[in-house]
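Asker: got a predicted structure plus its sequence, pasted below:
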Amino acid sequence: MRFALEDSSDDDSVSSLDYSISSEDEVDLTPSRNPRSNLGRNILNAYETSEDDLDSEDEVNLGLDDEWDVVKTKAREGPSWREKKEKSVKKDIKGKGKSKMVSSLSYTVLTPRKHSSVKIEDVGEERENQYDLWLKTADQEAWRDGQKQATERRGQIRNIATNARARLQSQEQDRLAKEAEELRKMLEGMTMKHSREEQEMEKQFKEREKKLWEDIDAAIKEVERREAELAAATVAAAQRQKAEEDARRAQAEKLALAHKAEEDKRAKEHAEKERQAQVARDQEEQRKAAADQAVKEEEEAKAKVAAEKDRAGGEWRKWVEKQKWMKINVIEPVKGDRSIKTALRAGMRLMTRGLGQVVNTQESIVRVTNDLHAILSEQLPSPPSPSSPAILTDELPKPYAYLLSHLSKALIKQAESEVNAKADAAFPLARIVMGLVLRGHAALGEVLFARFVKKCPWVVPYYPTRDNNQPREEYEKSTGRGSDESLAEYISRMAGICTLYFAILQTPLSSLIPTATVQPPTPTQLETLIVPPLRFPSAWTWLALSLKDQFPALPPVAHLVSSWIEIVAHEAVNRYGRGQMGKIWEAIEREGLGQGKIKGDSEAARQRLGLVLEKWRRGEVEVPKGRVWE
């Protein structure tokens with residue numbers, strides 16, 4: 001705050017008044033220690049000078065001009081105005097108690113000229129008292145107003161912050177409650193849907209089980225009825241025969257009595273004894289003949305089973321030896337020759353990629369088949385054809401045979417992974433195999449089936465027995481099972497390979513021949529191109545061998561028979577007729593499932609087979625999805 005004297009043109013006559021409230025306990029009226037004008041510095045010097053050092057009669061010149069002086073009252077006239085002021089202030093301070101204020105004041109005292117009749121000390125004291133009172137009042141009011149405004153502002157800020165926090169918390173709680181409600185509703189919906197699905201599935205299984213038991217009960221009742229009728233007919237015939245014999249005997253007795261009663265009686269007794277002896281001899285001969293016939297039939301059945309089993313075992317051993325020949329004469333020599341293997345690597349990659357990208361359309365299958373045909377033909381002196389096919393012999397180029405082995409391995413990999421997950425994927429792969437065979441690659445059939453047998457003996461079908469002292473790992477390898485593979489995984493993988501084999505057996509050649517060759521192959525050429533295990537009659541042989549005694553009890557049979565029906569049954573009905581195949585379905589249902597000969601690895605496998613048979617028994621013949629290309 002600045003104060004200036006009236007009618008003064010001197011800038012140095014303006015003094016700075018600085019004040020501040022430092023505490024409530026004391027008031028200091030000492031002038032500022034750093035005045036900004038000459039007048040202020042003179043006043044400070046005068047204030048700091050002891051009154052004893054000044055002459056009471058002398059005037060003190062504070063640096064003003066001739067018209068203004070600062071006069072100090074003589075000591076003898078009483079206490080000076082500064083002493084009075086300090087006493088007054090100290091008295092006021094004692095009266096206020098706890099409220100004390102400190103102010104720093106720099107001021108300039110202006111006095112009238114020497115010739116003024118008013119006393120300087122009276123005027124100065126009055127002005128000083130009024131100024132101090134105004135200064136203290138203004139300071140207190142400013143301090144109170146500032147404290148009040150600060151208090152109100154802090155309250156408003158606290159209210160705003162409290163409301164903002166409450167509003168944010170309320171919004172967050174609403175959001176969390178809404179999300180929790182949505183999650184609860186979603187979980188309730190999922191639970192209800194799952195419960196409905198379980199109830200529907202349980203209902204379906206109960207209905208199927210009820211239907212199955214009803215059919216079984218009906219069959220049992222029918223058999224009992226027929227047996228009862230047969231027994232009744234037998235009893236009636238025996239009664240009629242007995243009545244006739246009694247009538248004849250009565251007539252003979254009557255005639256004998258008429259002639260000679262005693263002779264007839266003896267003759268009758270003798271004849272009766274002879275008759276009984278003859279009946280006993282006849283019965284004994286019949287019993288011996290029946291026993292001999294039963295033994296003979298049992299021996300014939302055992303011999304037939306052994307022959308069939310040995311036949312399947314011989315077929316399995318034949319193809320195992322073929323695979324060993326491939327390993328010794330083709331695979332190991334090519335692997336040992338780095339240059340040949342490097343040259344074949346690009347073609348092998350293209351083969352694997354083509355098989356993985358094929359879809360069930362005519363364009364895709366024909367394109368991939370032609371690409372594989374071109375890759376294989378590069379390793380031959382001239383491209384093969386139905387009239388001059390490439391047959392697996394010692395003269396066949398080893399790189400070509402090695403590519404056939406790689407292609408077979410890639411096909412089996414696809415069967416173990418993709419076909420196992422989706423049976424429809426087997427049909428395009430089967431068309432590729434038969435398309436290559438029709439183009440003259442007859443050796444592919446032998447190489448592929450040999451690798452089939454190595455990886456899955458069930459394609460024969462045959463399950464090898466463990467020889468004495470044969471290591472377990474070697475035996476497991478001969479069955480196609482991995483060392484750390486579970487039974488479920490093993491059956492699933494075997495089913496994938498067999499599904500591809502079944503798809504090859506039922507592939508219609510009529511749709512492939514126009515895309516493979518310009519001139520259709522003759523029947524003689526087809527016999528050369530297609531090895532017997534890849535012809536359709538092998539499908540009937542496979543089913544017959546899989547249902548022979550002892551074989552149905554093996555765990556994979558239920559799953560494999562279901563796959564055979566789903567893939568091959570449609571073509572089998574067309575070839576052999578509905579009646580012939582109906583007998584097979586009835587035998588599988590009655591003896592395989594009804595009598596428990598087909599055990600399967602689980603009840604689910606048996607139920608699946610039962611459902612497939614029930615659908616075919618009702619006449620719901622369906623073309624397998626994927627059998628007809630798009």
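Answerer: The structure has been received and is ready for your questions. Numbering: from 1, shown residues only.
Asker: which stretches of the protein form strands?
Answerer: Using DSSP state E, the strands of the chain run over residues 2-3, 15-16.
Asker: neighbours around the closest residue to residue 627 other than its chain neighbours, how many?
Answerer: Leaving aside its chain neighbours, residue 627 sits nearest to residue 427 (5.8 Å; criterion: Cβ to Cβ, 6 or more residues apart in numbering). Just so you know, the C-beta spots here come from the backbone N, C-alpha and C atoms, and that holds for glycine as well. As a burial measure, residue 427 scores 25 neighbours (other Cβ atoms under 10 Å).
Asker: which residues sit in contact with residue 427?
Answerer: 360, 503, 507, 624, 626, 627, 629 (Cβ atoms under 8 Å, 6 or more residues apart in numbering).
Asker: now tabulate these in a markdown table and tack on neighbour count, distance to residue 560 and pLDDT.
Answerer: Listed next are the contacts of residue 427 as a markdown table, based on neighbours: other Cβ atoms under 10 Å; distance: Cβ to Cβ, whole Å; pLDDT from 0 to 100:
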| residue | neighbour count | distance to residue 560 | pLDDT |
| --- | --- | --- | --- |
| 360 | 19 | 23 | 90 |
| 503 | 28 | 14 | 95 |
| 507 | 23 | 19 | 93 |
| 624 | 19 | 16 | 84 |
| 626 | 19 | 19 | 82 |
| 627 | 21 | 19 | 84 |
| 629 | 17 | 25 | 82 |
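Asker: switch those over to a markdown table; also include distance to residue 442.
Answerer: As requested, the contacts of residue 427 are exported to a markdown table (distance: Cβ to Cβ, whole Å):
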| residue | distance to residue 442 |
| --- | --- |
| 360 | 25 |
| 503 | 19 |
| 507 | 16 |
| 624 | 27 |
| 626 | 26 |
| 627 | 24 |
| 629 | 23 |
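Asker: quick one, phi/psi of residue 484?
Answerer: Taking degrees, to the nearest 10, you get phi -110, psi 30 for the backbone angles of residue 484.
Asker: what do you get for residue 548?
Answerer: The phi and psi values for residue 548, taken as degrees, to the nearest 10, are phi -70, psi 160.
Asker: same check, this time on the one 3 residues further on
Answerer: Taking degrees, to the nearest 10, you get phi -70, psi -40 for the backbone angles of residue 551.
Asker: could you double-check that it lies in contact with residue 545?
Answerer: Yes - between residue 551 and residue 545 a contact is recorded at 7.0 Å, counting by Cβ atoms under 8 Å.
Asker: mind listing the shared neighbours of those two?
Answerer: By the contact definition Cβ under 8 Å, 6+ apart, residue 551 and residue 545 are jointly contacted by residue 461.
Asker: show the pLDDT at the residue most central in space within the chain.
Answerer: Nearest to the mean C-alpha position of the chain, counting by Cα atoms, centre = their mean, stands residue 421 at 14.3 Å. We have a pLDDT of 85 for residue 421.
Asker: cool, residue 564 as well?
Answerer: 94.
Asker: please apply the same query to residue 74.
Answerer: On the pLDDT scale, residue 74 gets 39.
Asker: then residue 24?
Answerer: At residue 24, the model reports a pLDDT of 41.
Asker: for stretch 393-410, buried residues please.
Answerer: By 16 or more other Cβ atoms under 10 Å, the buried positions in stretch 393-410 come out as 396, 398-410.
Asker: whoops, stretch 545-565 was the one
Answerer: Buried residues in stretch 545-565 (16+ other Cβ under 10 Å): 545-547, 551-552, 554, 556-565.
Asker: lowest-confidence one in these?
Answerer: Lowest pLDDT among the buried residues of stretch 545-565: residue 551, 82.
Asker: ok, now which ones touch that one?
Answerer: Going by Cβ under 8 Å, 6+ apart, residue 551 touches 461, 463, 545, 557.
Asker: touching, the last one and residue 597? I think so.
Answerer: No - using Cβ under 8 Å, residue 557 makes no contact with residue 597, being 9.4 Å away.
Asker: which of the contacts of residue 427 fall in helices?
Answerer: Secondary structure from DSSP state H places residue 503 of the contacts of residue 427 in helices.
Asker: which one of the contacts of residue 427 is nearest residue 187?
Answerer: Distance to residue 187, by Cβ to Cβ, is smallest for residue 626 among the contacts of residue 427, at 38.9 Å.
Asker: give me the longest helix you can find in this protein.
Answerer: helix 120-259.
Asker: for it, what is the average pLDDT?
Answerer: pLDDT averaged over helix 120-259 gives 86.
Asker: just stretch 424-443 next, same as before
Answerer: Averaged over stretch 424-443, pLDDT sits at 94.
Asker: if you count neighbours, what's buried in that stretch?
Answerer: For stretch 424-443, burial by neighbour count (16+ other Cβ under 10 Å) applies to 425-443.
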